[in-house]
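Visitor: Sequence and predicted structure are below.
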Amino acid sequence: MGETVDRPLPGSACEALEAFLGHWTGTTHWEATAWGPARTADTEIIFSRAAAGLAVTQSYRHTDADGTRSEGHGVFTTDPDHPEAFWYHVNSLGLPPEGPARASMEDGTLTVERRSDRGTARHTFRVDDGELTHTAGLRLGKASDFTPFMTTVCRRVAESASVPV
């Protein structure tokens, strides 16, 4: 087998998402929506290098106070022809996985918009002062604005070097 790369390749997802790598724990809060009441859950997120740094995987688990768990997994890869990344995502909510969403990085904020027949979900990821914040908003139907529905705030518990790849 060939050598593996232990540092991000220029223009790779790992290079672009270096600040997110690691193991994070914190809390997620969902706003009340037509799909359910407001609630809060303990959250664990791991961002890891994959494919010699050409991709970054994202795994998360939410655990509600009653022990109910939900989880999801994502893969970020870069588009070599554009200054964007792709986000492939699947979760335990039971909906079939959608095609990849385009992601862009501006001033340290990763923004992803996932579009479907139901509407558009905008996710933002940012790391400031050792704190990872992931927010999500929905724009349904002909609405012009996004309505916030989820905010996750986590602190890093392990650096990327100690996370299994």
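Guide: Done, it's in.

Visitor: From here on, just use CA atoms for contacts and neighbour counts.
Guide: Fine.

Visitor: For the residue positioned nearest the centre of the chain, give me its contacts.
Guide: Taking Cα atoms, centre = their mean as the criterion, Gln58 is the residue nearest the geometric centre of the chain, at 6.1 Å. Contacts of Gln58 were listed using Cα atoms under 8 Å, 6 or more residues apart in numbering, and they are Ile45, Ile46, Phe47, Ser48, His73, Gly74, Val75, Phe76.

Visitor: do Trp30 as well
Guide: By Cα under 8 Å, 6+ apart, the neighbours of Trp30 are Ala38, Arg39, Thr40, Phe149, Met150, Thr151.

Visitor: I'd like to know how far it sits from Phe146.
Guide: Noted for Trp30: a distance of 15 Å to Phe146, by Cα to Cα, to the nearest Å.

Visitor: Over to Ile46?
Guide: 27 Å.

Visitor: neighbour count winner among the two?
Guide: In this view Ile46 and Phe146 are compared by other Cα atoms under 10 Å, and Ile46 has more residues nearby, 23 against 14.

Visitor: Surely the more buried one and Gly26 touch.
Guide: No. Ile46 is not in contact with Gly26 according to Cα atoms under 8 Å; the separation is 11.8 Å.

Visitor: Narrow the contacts of Trp30 to those in strands?
Guide: Arg39, Thr40, Phe149, Met150, Thr151 (DSSP state E).

Visitor: Once you drop chain neighbours, what's closest to the last one?
Guide: I take that to be Thr151. Thr135 (4.4 Å; Cα to Cα, 6 or more residues apart in numbering).

Visitor: in which helix or strand would I find that neighbour?
Guide: strand 131-140 (DSSP states H and E).

Visitor: quick one: strands adjacent to that strand?
Guide: Sheet pairing here is set by DSSP bridges, and for strand 131-140 it gives strand 119-128 (antiparallel), strand 147-158 (antiparallel).

Visitor: can you pull out the helices in the chain?
Guide: 13-16 (DSSP state H).

Visitor: What are the boundaries of the strands in it?
Guide: 22-30, 39-50, 55-64, 69-78, 85-91, 101-106, 109-116, 119-128, 131-140, 147-158.

Visitor: avg pLDDT for stretch 37-45?
Guide: Taken as a whole, stretch 37-45 has an average pLDDT of 96.

Visitor: could we number from 47 for the rest of this?
Guide: Sure, I'll start numbering at 47, so the last one becomes stretch 83-91.

Visitor: Name the residues of it that come out as buried.
Guide: Buried residues in stretch 83-91, counting neighbours by 16 or more other Cα atoms under 10 Å, are found at Thr86, Ala87, Asp88, Thr89, Glu90, Ile91.
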